[in-house]
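**Q** have a look at this prediction, sequence included:
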Amino acid sequence: MSEYAAAYDVAAGAWDDGPGRLYRAMADALLDAASVPLTGARVLDVGAGTGLAGTVALERGAAAVVATDRAPGMLRHNAAGREVVVADAYALPFPDESFELVVAAFLINHLDEPGRGLAEFRRVAPAVATSSFDQSWDHLAKTVVAQVIAEAGFEAPGWYT
């Protein structure tokens, strides 16, 4: 497991009550912009963390959500009954076009090769809904997220800062 995934594992228990409150609202806005109807859709939530985007997709009528993340501790906090898979965003363990939609909420800014990640998402689904924090964005919410993961032992690599 990478140092990055390990830091998120440690923060998982407090995520939904802390940064998750903000992320849920942003996941809701992201799914407002999804290019395919969610009703009856199979959705892959990549970099799912505790599953906030997947939860919103289910609330909006998705037939099923599969959550993937590199941090198993985050996945353990996903809703009961949801399929969870520890997986790398660059090598998803699913056949081509297994899903109608990939949701990658706040993941792109964590990828060293965003284009490679997006290509993999498109391999498993014809539609992708993704979002990212702009690196120049300076907001209290970003500061709080950084503080939570720092308290859990995460030290940001150079590319992240």
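**A** Here it is on my side, so go on.
**Q** now the helices for this structure?
**A** In the chain, the segments counted as helices under DSSP state H are 3-15, 19-32, 52-59, 72-75, 114-124, 140-151.
**Q** mean confidence score for the longest one?
**A** Per-residue pLDDT values over helix 19-32 give a mean of 77.
**Q** next one: the fourth one
**A** Averaged over helix 72-75, pLDDT sits at 80.
**Q** let's see that helix as CSV, backbone CA atoms only.
**A** Extracted in CSV, the C-alpha atoms of helix 72-75 (Å, rounded to 0.1, in the frame of the first residue of the first chain):
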residue,chain,number,x,y,z
PRO,A,72,-8.9,-0.4,2.1
GLY,A,73,-9.7,1.4,5.3
MET,A,74,-11.7,4.0,3.4
LEU,A,75,-13.6,1.2,1.6
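**Q** how much space between residue 99 and residue 68?
**A** 11 Å (C-beta to C-beta, to the nearest Å). C-beta coordinates here come from the backbone N, C-alpha and C atoms, glycine included.
**Q** can you give me the offset of stretch 98-118 from its chain's centre?
**A** 8 Å (C-alpha atoms, centre = their mean, to the nearest Å).
**Q** and it, how far apart are its ends?
**A** 15 Å (C-alpha to C-alpha, to the nearest Å).
**Q** worst-scoring helix or strand of this structure, pLDDT-wise?
**A** When the helices and strands of the chain are scored by mean pLDDT, DSSP states H and E, helix 3-15 comes last with a mean of 53.
**Q** excluding sequence neighbours, find me the nearest residue to residue 93.
**A** Once flanking residues are discounted, residue 93 sits nearest to residue 87: 5.6 Å by C-beta to C-beta, 6 or more residues apart in numbering.
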